[in-house]
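**Student:** Here is a sequence together with a model predicted from it:
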Amino acid sequence: MTRQFLTTTAAAALTAALLAGAAQAENVVTMNTVQIFGTIDPAKISDYTDYMASVNLYDGLATVDGAGNLVPELAESWVVANDASSVTFTIRADATFSDGSPVEAKDVVYSFERLLRINQGPANLFAGVVAPGNVVAVDDKTVTFTLSKTFAPFMTTVPALRILNSDVVADNAGSDDAQEWLANNVAGAGAYLLVSWDRGSRMIIKRNPDYYGAMPENPIDEVRWIITNDEATVRALAASGELTMSSQFQSPDTYQALVNMGRFRLESQPTATGFYLKLNSQLAPTDDVHIRRAIAYAIDYDTIREVIFPGEPMTTVLPSAFADFHAGDVEGPLYDLERAAAEVAQSSYAEQPIPLTLGYVAGTLFEEEISLMMQANLESLGFVIVQQPDPWNRITEIASSVDSTPNVNQIFFGPTYPSPDSMFFTQYHSDASGTWASMEWLQDPEVDALIDAARATGDVAEQAELYKQVQRNLAEQMVSVPLLAQTVQHAMDNCLQGFAAVPMQSFDYDFVRYSWTC
């Protein structure tokens with residue numbers, strides 16, 4: 001909850017403040033998240049909590065609005081070459097880092113080169129697109145990116161590059177390119193400063209009073225993230241007056257309980273985020289396409305979307321929010337246990353008990369309900385089910401190996417940048433395998449070629465047809481089962497305004513966009 005705190009506690013200061021007319025106050029927002037912050041190093045961020053911290057602690061050359069449009073941030077403008085081979089950015093004259101030093105072109109160069117060297121997090125967005133040495137400082141406020149090849153979505157990836165204070169980071173580089181230092185410290189130009197971070201329980205950030213950018217009237221002065229996916233704890237935090245904003249992963253009952261308290265409203269907006277079952281295509285028995293299809297037929301989609309976790313139907317792996325690129329001729333998965341049994345009969349595992357591991361995020365009630373419902377249906381088909389709930393940090397670890405990745409995994413994935421490419425490359429290209437986003441372990445040269453071709457053309461109609469063919473291919477292989485397109489929901493204090501779903505990972509939780517209206 002946003003609460004009012006006097007800036008002084010001494011009686012004399014209180015008297016002085018009252019005589020001055022009014023006590024100064026701070027607007028404090030407390031929000032729960034259901035998974036830990038894995039890292040605050042901009043070269044390593046990968047999931048929604050990582051990006052949620054990053055968009056507040058660091059700024060990029062550009063950001064993204066609710067319609068998916070690029071909006072200037074550190075850069076006041078940019079010029080794309082006529083042949084799209086390069087982009088030149090002009091940095092704002094007044095842009096400064098949190099220590100007051102100016103943001104310069106050299107900082108952009110350093111941030112990009114470090115990202116490529118570490119080769120984690122957002123690095124795969126630029127691999128093969130912009131080579132080392134091809135980001136050049138023209139002068140202190142001008143920087144040019146020269147592309148190694150045509151890459152149609154390049155501009156949409158730019159906000160993922162968070163800009164570091166190169167002088168500060170270089171001074172703390174040590175022997176690991178400042179990875180240890182940036183795991184605990186911030187050297188950015190974001191609107192907020194890191195106050196404290198207890199990895200397992202909470203993070204607190206505070207508004208930088210010297211932030212170069214615009215802030216709304218009555219801005220949020222402090223944000224406190226509490227890490228819990230326990231529904232009873234969320235309700236207790238709300239009842240005590242501490243909670244201001246819930247996570248987007250609560251149960252319908254918890255949302256309703258908070259709204260019934262009278263202090264909260266339910267914010268509900270459609271998104272381009274998909275909720276999937278990712279089937280490990282390299283591990284028995286889900287290495288058999290008939291087993292994967294049987295699993296898809298054994299899922300009660302209506303109950304999931306209408307009762308357990310509200311959302312919109314998905315017929316392909318691409319949410320229909322990307323309307324121009326969506327393959328409308330794909331029927332999509334259906335709930336049909338007879339057809340599921342027929343697929344099992346065609347598989348190489350027929351007429352024997354079939355062991356199957358169902359993975360999900362531990363402590364997430366709705367995912368547990370989905371997994372238990374799946375177990376009941378699959379056991380009726382001869383599967384022997386093992387439930388494997390893991391904390392999120394463990395899921396990101398086991399996703400790095402085929403053998404440790406469960407057969408079935410419940411994963412939310414939304415655009416890392418506002419382009420359909422972000423939904424295909426990161427999840428399904430062979431070069432992107434080995435992360436939580438690609439737990440299918442798909443290694444398909446035909447899919448790779450289609451994705452590469454779409455990235456290489458600037459013809460939108462050609463891109464659309466290529467992406468539609470990818471969707472048809474993936475539907476045939478059924479390595480991903482699209483459960484629903486997320487309708488993002490937050491129980492939000494009536495006085496907190498500014499939320500708008502953004503088609504880029506966690507940019508909608510940049511608190512420079514929010515204000516306190518009471």
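**Tutor:** In hand now; what should we look at?

**Student:** those helices in the stretch 1-150 of the chain, which residues are they?
**Tutor:** 11-20, 48-57, 105-118, 123-126 (DSSP state H, counting those that start in this stretch).

**Student:** Of these, flag the one that's most buried.
**Tutor:** helix 48-57 (a mean of 25; mean count of other Cβ atoms under 10 Å). The C-beta positions use only the backbone N, C-alpha and C, and glycine is treated the same way.

**Student:** weakest of the helices of the stretch 1-150 of the chain in terms of mean pLDDT?
**Tutor:** Looking at the helices of the stretch 1-150 of the chain, the lowest mean pLDDT belongs to helix 11-20 (a mean of 35).

**Student:** So which elements touch the helix or strand hosting Ile291?
**Tutor:** Using DSSP states H and E, Ile291 falls within helix 289-297. Other elements packing on helix 289-297 under the criterion 3 or more Cβ pairs under 8 Å, 6 or more residues apart in numbering; DSSP states H and E are strand 264-279, helix 337-346, strand 480-493.

**Student:** Need the residues that contact that helix.
**Tutor:** Here helix 289-297 makes contact (Cβ atoms under 8 Å, 6 or more residues apart in numbering) with 277, 279, 281, 285-286, 333-337, 339-341, 343-344, 346-349, 354, 356, 374, 378, 381, 408, 477-479, 481.

**Student:** try 6 Å
**Tutor:** 279, 285-286, 333, 336, 339-340, 343-344, 346-347, 478, 481 (Cβ atoms under 6 Å, 6 or more residues apart in numbering).

**Student:** Point out the least confident one among the residues you listed.
**Tutor:** Lowest pLDDT among the contacts of helix 289-297: Pro333, 93.

**Student:** Which residues are in contact with the nearest residue to Gly68 once chain neighbours are set aside?
**Tutor:** Using Cβ to Cβ, 6 or more residues apart in numbering and skipping residues adjacent in sequence, the residue nearest Gly68 is Pro418, 3.8 Å away. The contact partners of Pro418, taken as Cβ under 6 Å, 6+ apart, are Val64, Gly68, Thr156, Pro503, Met504.

**Student:** cool, Pro285 as well?
**Tutor:** Counting by Cβ under 6 Å, 6+ apart, Pro285 has contacts Ile291, Tyr349, Ile354.

**Student:** Next: Gln282.
**Tutor:** Gln282 neighbours (Cβ under 6 Å, 6+ apart): Val402, Trp441.

**Student:** Wasn't it part of a helix?
**Tutor:** No. Counting by DSSP: H, G, I helix; E, B strand; the rest coil, Gln282 falls outside a helix, being coil.

**Student:** So for the lengthiest helix in the chain, what gets flagged as buried?
**Tutor:** Scanning the chain for the longest helix, with DSSP state H as the assignment, gives helix 460-477. For helix 460-477, burial by neighbour count (16 or more other Cβ atoms under 10 Å) applies to Gln463, Ala464, Leu466, Tyr467, Lys468, Gln469, Val470, Gln471, Asn473, Leu474, Ala475, Gln477.

**Student:** Now flag whichever of those is closest to Ile227.
**Tutor:** Leu474 (33.5 Å; Cβ to Cβ).

**Student:** Now that closest one: closest residue in space, sequence neighbours ignored.
**Tutor:** Closest to Leu474 by Cβ to Cβ, 6+ apart is Val317, at 5.4 Å.

**Student:** circling back to that earlier point, what's the average pLDDT for the longest helix of the chain?
**Tutor:** 97.

**Student:** Can you list the neighbours in contact with that helix?
**Tutor:** By Cβ under 6 Å, 6+ apart, helix 460-477 touches 316-318, 324-325, 327, 330, 420, 424, 447, 450, 453-454, 457.

**Student:** rerun that using 8 Å as the cut-off
**Tutor:** Against helix 460-477 from outside (Cβ under 8 Å, 6+ apart): 152, 281, 289, 292, 316-318, 324-327, 329-330, 332, 420, 424, 428, 442, 444, 446-447, 450-451, 453-454, 457, 480.

**Student:** Quick one: the strands in the stretch 151-300 of the chain, in order.
**Tutor:** Taking DSSP state E, counting those that start in this stretch, the strands of the stretch 151-300 of the chain run over residues 192-198, 202-207, 222-227, 264-279.

**Student:** picking up where we left off before, I'd like the C-alpha coordinates of the longest helix of the chain written as CSV, please.
**Tutor:** Extracted C-alpha coordinates of helix 460-477, given in CSV (Å, rounded to 0.1, in the frame of the first residue of the first chain):
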residue,chain,number,x,y,z
VAL,A,460,6.0,-7.7,-43.9
ALA,A,461,3.8,-9.8,-46.1
GLU,A,462,6.6,-12.3,-46.7
GLN,A,463,7.4,-12.3,-43.0
ALA,A,464,3.8,-13.1,-42.2
GLU,A,465,3.7,-16.1,-44.5
LEU,A,466,7.0,-17.4,-43.1
TYR,A,467,5.8,-17.1,-39.5
LYS,A,468,2.5,-18.7,-40.4
GLN,A,469,4.4,-21.7,-41.8
VAL,A,470,6.4,-21.9,-38.6
GLN,A,471,3.1,-22.1,-36.7
ARG,A,472,1.8,-24.9,-38.9
ASN,A,473,5.0,-26.8,-38.5
LEU,A,474,5.0,-26.5,-34.7
ALA,A,475,1.3,-27.5,-34.5
GLU,A,476,2.1,-30.6,-36.5
GLN,A,477,5.0,-31.5,-34.2
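
**Student:** Now do that helix against helix 289-297, angle only.
**Tutor:** 100 degrees (axes from the mean of the first three to the mean of the last three Cα atoms, to 10 degrees).

**Student:** Can you pull the poorly scored residue ranges out of this structure?
**Tutor:** 1-24 (pLDDT under 70).

**Student:** quick one: Asp493 from Ser240, how far?
**Tutor:** 13 Å (Cβ to Cβ, to the nearest Å).

**Student:** And for Asp107?
**Tutor:** 43 Å.

**Student:** If any of the contacts of helix 289-297 are buried, put those into a PyMOL selection.
**Tutor:** Only the buried entries of the contacts of helix 289-297 go into this PyMOL selection, using 16+ other Cβ under 10 Å:
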select buried, resi 279+285+286+333+340+343+344+347+478+481
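
**Student:** Tell me the one among the contacts of helix 289-297 nearest to Ile370.
**Tutor:** Nearest member of those to Ile370, counting by Cβ to Cβ, is Val481, at 11.3 Å.

**Student:** if you skip the residues just before and after it, what's nearest to the closest one?
**Tutor:** Leu277 (3.9 Å).

**Student:** Burial check on the one you found, number of neighbours?
**Tutor:** By the measure other Cβ atoms under 10 Å, the count of residues near Leu277 is 28.

**Student:** okay, how far is it across stretch 119-132, tip to tip?
**Tutor:** 12 Å (Cα to Cα, to the nearest Å).

**Student:** Same question for stretch 313-331.
**Tutor:** Start-to-end, stretch 313-331 (Cα to Cα) is 11 Å.

**Student:** Mind listing what's buried along that stretch?
**Tutor:** Buried, per 16+ other Cβ under 10 Å, within stretch 313-331: 314-322, 325-327, 330.

**Student:** So what touches that stretch?
**Tutor:** By Cβ under 8 Å, 6+ apart, stretch 313-331 touches 270-274, 276, 301, 305, 312, 332, 420, 423-424, 427-428, 460, 463-464, 467-469, 471-472, 474-475, 480, 482-485, 503.

**Student:** swap the cut-off to 7 Å and go again
**Tutor:** With contacts defined as Cβ atoms under 7 Å, 6 or more residues apart in numbering, stretch 313-331 is touched by 270, 272, 274, 305, 332, 420, 423, 464, 467-468, 471-472, 474-475, 480, 482-485.
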